[in-house]
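Participant: sequence-free structure coming up:
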């Protein structure tokens, strides 16, 4: 979207809409940067930015500002970093009072990371809008991008939602659609949706009143909870079908990443090829079938469609082609590098536990 396609917001007439932005990671920073660039076109003023407190990061564990804070400071926008909005503690009371002083017309929220109590949601004149990386109500919760990939969804998107006291349960104002490609990783899909989110929130703010008047209630019967990721989800269970493992490799890239064990030592699985359903094997799941220059073929569990079948062909295991691995203490290695090395042999079996 270009500024030329944006019409000034009709919500407040000629008055510029006072916007408070709340977000923390790169995903949110993309929307903030877009709104900063389009303030005049959208007839808005970003009067303050809220983000998580600086966190220790890197080998030196230096306090590092969030991507949103860095973007705000670059443009001279005031930054607030409260630890809480809870009414039961003094800091939470002060955070609520400070927000009221900004007299916001609307608050835009994207991956902020703090729970906003009902009083906070009701502080802006037109409430709080959330940029959510899912076609609600499909994936509510902390990790919608990853869960869509892990589940094998064919598409995802952005929903601009009017926030309420529930977890991603508010009325939907606007949606964009994003096909999920066979080679999409969580990072790649994140980047696509960050761009769509920036365009979507600009579209809504350009005519906020119309979109709020046309809001659609979510159908709770279609909702799923996108649980927060944990590191242990990265361990590969080779008894699962190749399709499931391939989605796991893409869906958890770059974090927490996928891994397995070989002779008790951890091996990171960094990338794999698209599936070849015609390639079946009698070898047990986890067995390295062959090491080629283009890929390392590994036996996995029976395909999902064939599980429980009585056919002898359907009882065979599926296979997955790995293209990049990383052994402990080594740099990432391509299949071709492994083909010429001594790290892996035909017949090796992935799985088991750490020494």
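Facilitator: Great, that's in hand. Quick caveat, the model's predicted, so the values are computed rather than measured.
Participant: for the nearest residue to residue 229 once chain neighbours are set aside, phi and psi?
Facilitator: Distances taken as C-beta to C-beta, 6 or more residues apart in numbering put residue 143 closest to residue 229, at 5.2 Å, once the chain neighbours are dropped. Quick note: C-beta positions are derived from backbone N, CA and C, even for glycine. Backbone geometry at residue 143, expressed as degrees, to the nearest 10, gives phi -130, psi 60.
Participant: got the contact list for residue 143?
Facilitator: 226, 227, 228, 229 (C-beta atoms under 8 Å, 6 or more residues apart in numbering).
Participant: from residue 159, how far off is it?
Facilitator: Note on residue 143: its distance to residue 159, by C-beta to C-beta, to the nearest Å, is 15 Å.
Participant: if I've got this straight, residue 33 is in a helix?
Facilitator: Yes: counting by DSSP: H, G, I helix; E, B strand; the rest coil, residue 33 is part of a helix.
Participant: for the stretch 151-300 of the chain, what spans make up the helices?
Facilitator: 186-206, 208-213, 242-251 (DSSP state H, counting those that start in this stretch).
Participant: tell me the contacts of the residue lying closest to residue 295 once chain neighbours are set aside?
Facilitator: Counting by C-beta to C-beta, 6+ apart, residue 321 is the residue found nearest to residue 295 once chain neighbours are left out, at 3.6 Å. By C-beta under 8 Å, 6+ apart, residue 321 lies in contact with 272, 273, 276, 294, 295, 296, 297, 298.
Participant: cutoff 7 Å now
Facilitator: Applying C-beta atoms under 7 Å, 6 or more residues apart in numbering to residue 321 gives the contacts 272, 273, 295, 296, 297.
Participant: any idea of the pLDDT on the closest residue to residue 34 other than its chain neighbours?
Facilitator: Of all residues not flanking residue 34 in the chain, residue 198 sits nearest, at 3.7 Å (C-beta to C-beta, 6+ apart). At residue 198, the model reports a pLDDT of 98.
Participant: please report how far residue 198 lies from residue 278.
Facilitator: For residue 198 relative to residue 278 (C-beta to C-beta), the value is 42 Å.
Participant: please apply the same query to residue 21.
Facilitator: 51 Å.
Participant: higher neighbour count, those two?
Facilitator: Shown here are residue 21 and residue 278; by other C-beta atoms under 10 Å, residue 21 has more neighbours (28 against 6).
Participant: quickly list what that one is bridged to.
Facilitator: residue 49, residue 108 (DSSP bridges).
Participant: could you report the neighbour count for residue 88?
Facilitator: 7.
Participant: again, but for the one 4 residues further on
Facilitator: By the measure other C-beta under 10 Å, the count of residues near residue 92 is 17.
Participant: and the contacts of the helix or strand hosting it?
Facilitator: For residue 92, the host element (DSSP states H and E) is helix 90-101. If you take C-beta under 7 Å, 6+ apart as the criterion, helix 90-101 is touched by 20, 80, 82, 83, 84, 85, 86, 87, 119, 120, 123.
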